[in-house]
Structures are given as structure tokens and as C-alpha cells.
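*Asks:* Pasting the sequence and the predicted coordinates here, then a few questions.
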Amino acid sequence: MTKFFEVEERDGAARLGKLLLDKNIKTPLLVESSRLALDPDYPIQDMGTLWEFGTDDAEEVKTMVFGIKKRGEAAENENENKNKRLFILPRAQFSLTYPEKEDVKRNRKIREAVLEAEMIGKIPLAGMIRPNTSLKHFERETEENACGDAGFRDARSIPEEQKAGDCCASNVAKPIAADSEAESAGLSLNSSSGFENLGYDVYIMEGAGTFEEDAIGFFNAFLSVKSKIPYDSALWLSNLATPENAAVLIWMGADILDTVRAEVAAYNDMYMTTAGTFYLDDLEELPCRCTACVGKSAKMLRDMKKAERARLLEIHNIGTLEAEISLVREKIRKNALREYVEGQCRTKTWLTGLLRLYDRRDLSDFAEQNAPVFRRETMYATTAESQTRAEIVRFAHRVTDLYEAPKKEILIIFPCAMKKPYSISNSHQRFIQAIERNRKYVNEIIITSPIGLVPRELELTYPAAHYDTTVTGHWDLEERAWVGGLLEAYLSKNKTQYKHIIAHVEGPYREICVSVSEKLGIPMILTGKKSLTSQESLKQLRAALDDLVNASVPANELTADSLDEQNQNQPNQLNQPNQPNQSQNKKQKQKPTLLKRNPNEEKWDQARAIIRYQFGPIGDTLFSKETVIKGNFPKFQIFDQNEQLATLVPQFGQFAISLAGAQKIIQSPNYAGQYTVRIDNFLPKGSLLAPGIIDADENIRVGDDVIILGENAIGVGKAKMTGKEMKISTKGVAVLPRHTKWIAEPEKK
């Protein structure tokens, strides 16, 4: 457990937190490395290495550890808890040639001394943790990486038969066999230090700096460390931070960085910026206006004495790094760090590789687990990496796996629009007007990049109504493959339902539809010409739909009012079977035989689609013959007779369930704890903190609507942690309850 670190806010894996020392120190934090061992007033104290003391004897280690305890307790007693320090425990120094078995033995002695001293939870502690790696990682042959960027392809675009042969994938996130000597000594690599079981407040990843420029190696090592340490402990990446990589490292989950690189660079005449590091000899101007740079030129610095020049460069380098971390903290507060990282990672190829590896679901679910179900800010999708964002991939998978199309037999495919939700855009308003009289027979989907497919019922749900992207009219091959694959999956899943498909699209949209139609052998009617909103194109769309509806009327019984626009603006045919006979005489009015939905049923369909997107199949429990959807879109309310079950929140396109809705889900025979947080026998008032949680569904993501269930209490609220984090964390807000009540009054003791 941790007592002196708390996470307060999240943006993906990036976190805002605080170290609870004499003063609360906010994270992400930049540690001044030169002060760790020299400044007794600095809030973080480095106690050195075992090599520094010249021994690894158990008694000597114990003496060192108990000395730390004595210092910590004395400071606390004398200053009434106002002089707390974070102590970095003595450690065995990292080396690539350092035997794993010896490292295990040395760290075991430290661990045993810490436990004997009973320091956990009493004194703020930081311990080193060694990533799972081996020398083999550094000996990969050149040809193993010859495929270059191909190794970072998203798994979606890799055929199953090729995945096993992906050379780069074979080097990423694979378990590494334990060292035979360590195993024979009963020391597994997975617990080489044992520190992950102690619950230190801070863990320092050993050798982080050795992985610079090695995206695959760092990703492997980083994941191995993150998987072992508690969620509510801070992670320190030492000897790695620069102004250009700090944002990416924090995005991945680093909480603490240090100034080692900035200080060393200064004494090597290297000038750091967020766009890269430059040798002073290569600069004509100083692109900074900090106190060290203002009023000076590069030549003036070069003409200074070495010591003075190094001092000014150190001030500049550290100041630039501090400014970058400060900016990153602001981006986290605004839920906008991802967009910044997608641009910042371009400064180094290995940083771009890191971001691509981070997103790959075939390597790890780390990105998806940490991605919230909604963000407050607009999602700007402007790079190739935007397409692999966890929120976008999650939306696509849920549409494919959970969305059930309403029971209609005609599908119309529309393009996206700049204004969101699409239905309020000028173009979609015209589309809707064109099909209005027969819209009850139609399901609508929108194809777009990077989101993929958006059923009309889910157009308000994050991120479908919350993104903006660059519009050029050009789609690259990856975009085409992504959207085409999703359209193919959707049509394959619903091929027995749809008798007719209309694609009112142009340009790349049309090319994708044609390709999928030909591949699946599914007929598709193409409407629209140069401008989809022109009167000519809209007449084509209206005529195509009218023809299909008319064709469903029993032979020789076409409706009189549906033949007015026959023989005009006939659409192009693609694999289209026999069309309706347009020379039939007008007969008495009969109803088409196509499946349709009335307005109340369509509201029911939309509400159910959103609920299933949020909660999966268990959400169907909220819908029965007695279910009524009240209000107009987007202010739906789900009622069961006179009992309100849920209310749609337009801001995020998700439902907030009521206590009655939660109880109905719990009573379902299919209920197995889905989206439920279990607590002890108390009624939450205010924020629900992690220590009060007994168990939680591991599918819960930040922002999910959840059920709070205790022995005698029930509640609903918004998750502020993932389900896994709730189960393990000992500090922090886990859920913000919206409503709570006693199911039965607890027995008084």
C-alpha cells in the first residue's frame, strides 16, 4: 500500500498526483538530480548504493535502512510532521553485465531490512525496480528490424496468417524466460527485487536511460515494470527526460522525471529545446527568452569560459524541461495531452515508435484500459496515429460487437459532416428531408475517418460527436483499409437483414463502398453525383428509396402517391437485381411489406443502442414491453411504467442510470457484477474512496456509469478509476456517487 502518493486526475495513462511530504508536491514532477545527495533540505534524499558503502553484508544493509528510519522519525517528531522527506533506499547499481542472481540477492537483503524496520506506510520511500529484460534484447540482429515501420502496423490491418510471421511483433512484449541460475536459487525474474510487493510510494525504473532510441526495448521494459507496481505508486524514469521526450514519457505513465540529461548536456555544450537538442557550435541564434538566454547570442555563449557557459546552459536546459512538464500538466487538466503527444513524438523516430506500440491492442491492453469513455475536450484527429487511439478503436469494436441494428430491411450509407452530431448539419438535414416520407423503413450509418462506422443511433455518443479532423478529400490506404474493413464486418453481420442498400456517397467513400460490395457480392445502389446535396443528387436518393418501398407492395398494387417521380434521375446500379416495373398502372393504395418502425419505436431503438454500447448485453434488462422513452432527442428518459430508469446526458451521448435502473439490472438473471463496484456495509456520502471498495468489475473504465453495491446499500455514479485500479488502490477517489440509498437499514452494533 502507499500512504504518501495520491492520483488526483487522469488523461489516459498520464496522471496528475501529489507526493504527500512536508508540502504537497504535484506530479508529474521534475527532480533536480544534483540536489538529491548534496542538499539536506531537498524533499527527496538519495541514500546511495551498496557499492558506495563497499559491502552487501546483510547486517550493514540493515544498519543503513534502520538509519533511514531513525532520520525519518526524528524529522517527523521534531517538526510535527512538517519535515517529511522521500528517502530513496540504498540499492544495487544497475549494469547490463550485472548477474541477475546477484541483483536478486542484494535487493532481497534491502527488502528484508525494510520489512523488519516496519517502515512501509510510516516513512515515504522510493525503491528501485528492475525491468524484465535480458542481454538477448540488445543482441537482436539487424535483419530482425529490417522491416522498419511495418513492425508498428496495427493488428487490425494484419491478416491472421501473417501475424505469426511479423518480425517486429516477435520482438515486442513477449515474456522473457527466467535466468536458469536465478530459478535454481528460487528467485524468479518476475520478483527479482520483491519491491513491487512492498507498496513503496515511488518506484524507480532501473536503467531507463539505456533504452533511449530503442522503442521496442523501452516498451518491453516499461510494460514489465508497470505490470508489477501498484496503481497508486508513482513511477520515476531516471536519466531519460529531455524537453522533446517528456510529454511522451508522461503520456505513457511516468510520474517523476529528473534533470540528469539536462545537466550533463549543459557541460557538453548542448542546448535543449522541445524540438530537439543542438550543439552550441551549430547555433546562430538562441531560440529562447529565458533569463539565461535573453540578450545573448550563441557566439556570446561560445566565447564564455567553460564553467560560466555550462552554468547558463544548465539554467536554460532545466528551465526548458520544467516549462515542458508544466505545459504537460495543463494538457492533462484539459484532457488534451494526446493531441500534443501526436505532434511532439515527431521530433524523434523512437518516440513515434513508442506511441504506435502503446496503441497496439495485439501487444497490450494497457492503452484501452486507461482510456476514458469520454473527454471534455474536442478530439482532434490530425495524424496517422489518431486512427489507432484507444477511444476510436474501442468505439469501432463496440459498434461491431454490441450494436444491433433495428429491424428494418433498407440501409442507407451516408458520408460524415463537419458539424456534429451529423443530423444537425446542413448536409444531413437535406438527406433526411429527401428520405423523410419513407425514413421509417430505413437504417442509416455514416462512414467516416478515423471513427469508421457510426450508426445514426450512436451519433451523439463519444467520440462520434466530439471529434474534428482534417478534410482534404484524400484518403490514404490505411484509412481506406480501416473504414472498408469495418463496413465489411458490419454488412457481413447483417447481410440476412438488409434486402437493399443505398450508398449516397462520392469520392473515396464511394470507392470504399464499391470495393466492399464487390468483395461480399452484396448489391448496392449508388446515388449522388458531384455534389451530394444538389437537387439532382437528392432527387436520385429520394427516387431510389421510393422505388425500393414500391417494390415491396404486392404485385399490381403500387401506391398512387409513390409513382410521381418515376422515370426521373434513375440511380446507377451496382450488382442490383431486377428493379421495379415503372410502367405499372396506379392502383388502390396498399401498404408496403417492408419492415418499419414508428417514431416511438425508433426512440426505443436509439435508447437501447446507447445502453448496449455502455453496458453490453446486460443493458437489455432495462427494456421490456412496459418500457417507454419520454422526451425528445437528445433529452431521452427511459421509464418502466412510472419509474425512471435512466436519463440521456447530451454532452457525452451516454445514459446516467437511476437507482431504479441499477436495481433492475441487479435483479436480472444474467447479472454477474457487470459495471458494479462492491463496497462494505456503509452508505457513501460524497466521494467514494478506493479504501472503501471490496471488489470492482475489471471492465470499468474512467467515466463509466457504475452501480455501487453494498451489503445494505445501493448507489450509482461515475467511475474516476478503472475497475482494476479500484481493487488495488489504497488512496484516491474511485467513484463520484450520484444517488445512494439504504436497501435495508444495517443492524446497529
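*Replies:* Good, I have the coordinates. Residues are numbered from 1 along each chain as shown.
*Asks:* from here on, contacts and neighbour counts on C-alpha atoms
*Replies:* Noted.
*Asks:* Please, which helix or strand holds Phe633?
*Replies:* Taking DSSP states H and E as the definition, one finds Phe633 inside no helix or strand.
*Asks:* count of residues packed around it?
*Replies:* Applying other C-alpha atoms under 10 Å, we find 14 other residues in the vicinity of Phe633.
*Asks:* where do the strands sit along the stretch 451-600 of the chain?
*Replies:* Assigned by DSSP state E, counting those that start in this stretch, the strands in the stretch 451-600 of the chain fall at 452-455, 467-469, 500-504, 524-527, 572-574.
*Asks:* got JSON lines for the ones you listed, with mean neighbour count too?
*Replies:* Formatted as JSON lines, those follow (neighbours: other C-alpha atoms under 10 Å):
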{"stretch": "strand 452-455", "mean neighbour count": "24"}
{"stretch": "strand 467-469", "mean neighbour count": "17"}
{"stretch": "strand 500-504", "mean neighbour count": "23"}
{"stretch": "strand 524-527", "mean neighbour count": "24"}
{"stretch": "strand 572-574", "mean neighbour count": "15"}
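*Asks:* contacts for stretch 722-729?
*Replies:* Residues outside stretch 722-729 that contact it (C-alpha atoms under 8 Å, 6 or more residues apart in numbering): 1, 230-232, 369-370, 677, 690-691, 693-702, 734.
*Asks:* Now list the buried members of those residues.
*Replies:* Those of the contacts of stretch 722-729 that meet the buried threshold are 1, 230-232, 369-370, 677, 690-691, 693, 695-698, 700-702, 734, by 16 or more other C-alpha atoms under 10 Å.
*Asks:* picking up where we left off before, of the contacts of stretch 722-729, which belong to helices?
*Replies:* 369-370 (DSSP state H).
*Asks:* circling back to that earlier point, among the buried ones among the contacts of stretch 722-729, which are located in strands?
*Replies:* Using DSSP state E, the subset of the buried ones among the contacts of stretch 722-729 located in strands is 677, 693, 695-696, 734.
*Asks:* circling back: out of the strands of the stretch 451-600 of the chain, nearest to Ser517?
*Replies:* Across the strands of the stretch 451-600 of the chain, the minimum distance to Ser517, taken as C-alpha to C-alpha, is reached by strand 524-527, at 6.5 Å.
*Asks:* Distance from the closest one to the middle of the chain?
*Replies:* Here the centre of mass of C-alpha atoms in strand 524-527, compared against the chain's by C-alpha atoms, centre = their mean, to the nearest Å, lies 37 Å away.
*Asks:* For stretch 300-310, measure first residue to last.
*Replies:* Start and end residues of stretch 300-310 are separated by 13 Å (C-alpha to C-alpha, to the nearest Å).
*Asks:* starting at the chain centroid, how far to it?
*Replies:* With C-alpha atoms, centre = their mean, you get 45 Å for stretch 300-310.
*Asks:* What residues of it count as buried?
*Replies:* Neighbour counts over stretch 300-310 (16+ other C-alpha under 10 Å) mark 301, 309-310 as buried.
*Asks:* Give me the next element, helix or strand, following the helix or strand bottoming out on mean pLDDT in the chain.
*Replies:* Lowest by mean pLDDT, DSSP states H and E among the helices and strands of the chain is helix 180-184, with a mean of 35. Next helix or strand after helix 180-184 toward the C-terminus (DSSP H and E): strand 202-205.
*Asks:* average pLDDT for whichever helix or strand comes after that following strand?
*Replies:* Downstream of strand 202-205, the next assigned helix or strand under DSSP H and E is helix 215-226. What helix 215-226 shows for mean pLDDT is 95.
*Asks:* Stretch 115-134 too?
*Replies:* 78.
*Asks:* in it, what counts as buried?
*Replies:* Applying a neighbour-count criterion of 16+ other C-alpha under 10 Å, one finds 117, 119-120, 123-134 buried in stretch 115-134.
*Asks:* part of a helix, is Phe682?
*Replies:* No. Checked against DSSP: H, G, I helix; E, B strand; the rest coil, Phe682 lies outside a helix; its state is coil.
*Asks:* wait, isn't it in contact with Gly710?
*Replies:* Yes. Phe682 is within contact range of Gly710, at 7.0 Å (criterion: C-alpha atoms under 8 Å).
*Asks:* Which one's more surrounded, the two?
*Replies:* Gly710 (20 against 17).
*Asks:* What does the pLDDT read for the more buried one?
*Replies:* On the pLDDT scale, Gly710 gets 95.
*Asks:* Can you give me every residue that contacts it?
*Replies:* Contacts of Gly710 (C-alpha under 8 Å, 6+ apart): 678-683.
*Asks:* Can I get the ones in strands among the buried ones among the contacts of stretch 722-729 in TSV including pLDDT and distance to Leu16?
*Replies:* Shown next, in TSV, are those (pLDDT from 0 to 100; distance: C-alpha to C-alpha, whole Å):
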residue	pLDDT	distance to Leu16
Val677	98	23
Ile693	97	22
Asp695	98	24
Ala696	98	23
Ala734	97	15
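*Asks:* now for those, which pair is the farthest apart?
*Replies:* Farthest apart among those - using C-alpha to C-alpha - are Asp695 and Ala734, which lie 11.6 Å from each other.
*Asks:* For the one helix or strand Ile610 maps to, the averaged confidence score.
*Replies:* Here Ile610 is covered by helix 599-615, with elements defined by DSSP H and E. Over the span of helix 599-615, the pLDDT mean works out to 97.
*Asks:* can you give me how far it is from the chain middle?
*Replies:* 25 Å.
*Asks:* Quick one: residues in contact with it.
*Replies:* Residues outside helix 599-615 that contact it (C-alpha under 8 Å, 6+ apart): 398-399, 402-404, 406, 440, 457-458, 461, 618-620, 623, 628-629, 633, 636, 638, 653-655, 674-675, 704.
*Asks:* Apply 6 Å and report the result again.
*Replies:* 457, 619 (C-alpha atoms under 6 Å, 6 or more residues apart in numbering).
*Asks:* Sheet-wise, list the partners of the very next helix or strand once past it with their directions.
*Replies:* Where DSSP H and E defines the elements, the next helix or strand beyond helix 599-615 is strand 627-630. Here strand 627-630 is paired, per DSSP bridges, with strand 637-640 (antiparallel).
*Asks:* low-scoring stretches of the stretch 51-200 of the chain, by residue?
*Replies:* Counting by pLDDT under 70, the stretch 51-200 of the chain contains low-confidence residues at 51-83, 92-107, 117, 133-198.
*Asks:* Extract the C-alpha trace of stretch 708-727 and format it as PDB.
*Replies:* Taking C-alpha atoms only, stretch 708-727 is exported to PDB below (Å, rounded to 0.1, in the frame of the first residue of the first chain):
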ATOM      1  CA  ILE A 708     -22.400   0.900  -6.200                       C
ATOM      2  CA  LEU A 709     -23.500  -2.200  -4.200                       C
ATOM      3  CA  GLY A 710     -23.000  -2.900  -0.500                       C
ATOM      4  CA  GLU A 711     -24.500  -5.300   1.900                       C
ATOM      5  CA  ASN A 712     -27.400  -3.000   2.700                       C
ATOM      6  CA  ALA A 713     -26.800  -0.100   0.300                       C
ATOM      7  CA  ILE A 714     -27.000   0.700  -3.400                       C
ATOM      8  CA  GLY A 715     -25.900   3.700  -5.500                       C
ATOM      9  CA  VAL A 716     -25.000   4.900  -8.900                       C
ATOM     10  CA  GLY A 717     -22.200   7.200 -10.000                       C
ATOM     11  CA  LYS A 718     -19.300   8.000 -12.300                       C
ATOM     12  CA  ALA A 719     -16.100   6.000 -12.200                       C
ATOM     13  CA  LYS A 720     -12.900   8.000 -11.600                       C
ATOM     14  CA  MET A 721     -10.600   4.900 -11.800                       C
ATOM     15  CA  THR A 722     -10.600   1.800 -13.800                       C
ATOM     16  CA  GLY A 723     -12.000  -1.300 -12.200                       C
ATOM     17  CA  LYS A 724      -8.600  -2.900 -11.700                       C
ATOM     18  CA  GLU A 725      -7.300   0.300 -10.100                       C
ATOM     19  CA  MET A 726     -10.200   0.400  -7.700                       C
ATOM     20  CA  LYS A 727      -9.400  -3.100  -6.500                       C
END
